[in-house]
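>>> Quick one, fold the following:
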Amino acid sequence: MNLSLGAAIAVDAAAWCAVQAGAGYLVHRLPTARFATDGWLLQERPWERGGRFYRERLGVARWKRWLPEGGAVFSGGFDKRALGRTTTEQLERYRRETRRAELGHWLAIAPLPLFALWNPPALWPAMVAYAVVVNGPCIVSQRYNRSRLSRVLAVRMNGSRRSPAARSRSALGTTGNSMP
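Model (predicted):
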């Protein structure tokens with residue numbers, strides 16, 4: 001396809017809006033049971049080290065609060081800074097929703113190769129950058145949050161003799177960072 005630069009940019013903007021909205025719509029139409037466990041794409045990798053990679057190398061705890069809160073309705077409707085005061089059921093629901101959100105962002109990246117059909121070669125790097133910049137931080141945040149939630153849930157399931165507040169801080173690996 002041979003479009004002018006302006007036309008290609010206009011098509012890109014419309015296509016990215018459709019892709020992002022479509023991915024979000026699709027994952028929210030999937031049954032919640034689909035997100036009960038991590039599949040191949042969503043499972044934690046050894047190099048993530050329980051979320052420590054994201055905290056230590058990418059500084060996720062410092063910047064994730066600036067990400068848009070697209071799934072507030074789906075995250076269980078509780079204050080994520082006070083995970084120790086939520087029910088296990090709420091935490092499980094939130095962990096499922098991190099899977100849903102992460103999948104939505106992966107699905108939004110998936111059509112990237114199609115953008116090569118109408119974009120001049122000079123715009124291709126911009127398309128890659130857009131896909132990574134818009135979706136990458138959200139994927140990182142969801143993976144980090146899920147690791148933290150898994151630690152909290154493991155402590156709750158295994159029990160502990162420490163106080164509930166100490167268990168929460170220890171399981172979260174933090175002393176109060178919010179969890180968008």
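
>>> What's the separation between the nearest residue to residue 139 once chain neighbours are set aside and residue 138?
Once flanking residues are discounted, residue 139 sits nearest to residue 105: 4.9 Å by CB to CB, 6 or more residues apart in numbering. All C-beta spots, glycine's among them, are computed from the backbone N, C-alpha and C. Per CB to CB, to the nearest Å, residue 105 is found 5 Å from residue 138.

>>> Same drill for the two, tell me which one is more crowded.
residue 105 (24 against 21; other CB atoms under 10 Å).

>>> Buried residues of the helix or strand hosting the more buried one, list them for me.
Under the criterion of DSSP states H and E, residue 105 resides in helix 88-109. By neighbour count with 16 or more other CB atoms under 10 Å, helix 88-109 contains the buried residues 91, 93-109.

>>> So for residue 139, what's the pLDDT?
At residue 139, the model reports a pLDDT of 96.

>>> Same question for residue 3.
The model's pLDDT for residue 3 equals 85.

>>> thought it was touching residue 11?
Yes - applying CB atoms under 8 Å as the test, residue 3 and residue 11 come out as touching, 6.6 Å apart.

>>> Now the common contact residues for those two.
residue 118 (CB atoms under 8 Å, 6 or more residues apart in numbering).

>>> need the contact list for residue 41.
103, 106.

>>> quick one: the helices in this protein?
For the chain, the helices defined by DSSP state H cover 5-29, 52-56, 60-63, 88-109, 124-158, 164-172.

>>> could you dump the ones you listed to TSV with distance to residue 69?
Below are the helices of the chain laid out as TSV (distance: least, CB to CB, whole Å):
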stretch	distance to residue 69
helix 5-29	13
helix 52-56	18
helix 60-63	14
helix 88-109	11
helix 124-158	11
helix 164-172	19
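
>>> do you know which of those lies nearest residue 117?
helix 5-29 (9.9 Å; CB to CB).

>>> which residues sit against that closest one?
Taking CB under 8 Å, 6+ apart as the rule, helix 5-29 contacts 3, 70, 74, 100-101, 103-105, 107-108, 111, 114-115, 118-120, 123, 127, 130, 134.

>>> again, 6 Å this time
With CB atoms under 6 Å, 6 or more residues apart in numbering as the test, helix 5-29 has contacts from 100, 103, 104, 107, 108, 111, 118, 119, 123.

>>> Quick check: residue 69 vs residue 129, distance?
24 Å.

>>> which residues of this protein score low on pLDDT?
Scanning the chain for pLDDT under 70 picks out 70-84, 160-180.

>>> With adjacent residues omitted, what lies nearest to the residue most central in space within it?
With distances taken as CA atoms, centre = their mean, residue 142 lies nearest the centre of the chain, 2.9 Å away. Using CB to CB, 6+ apart and skipping the chain neighbours, the partner closest in space to residue 142 is residue 102 (4.0 Å).
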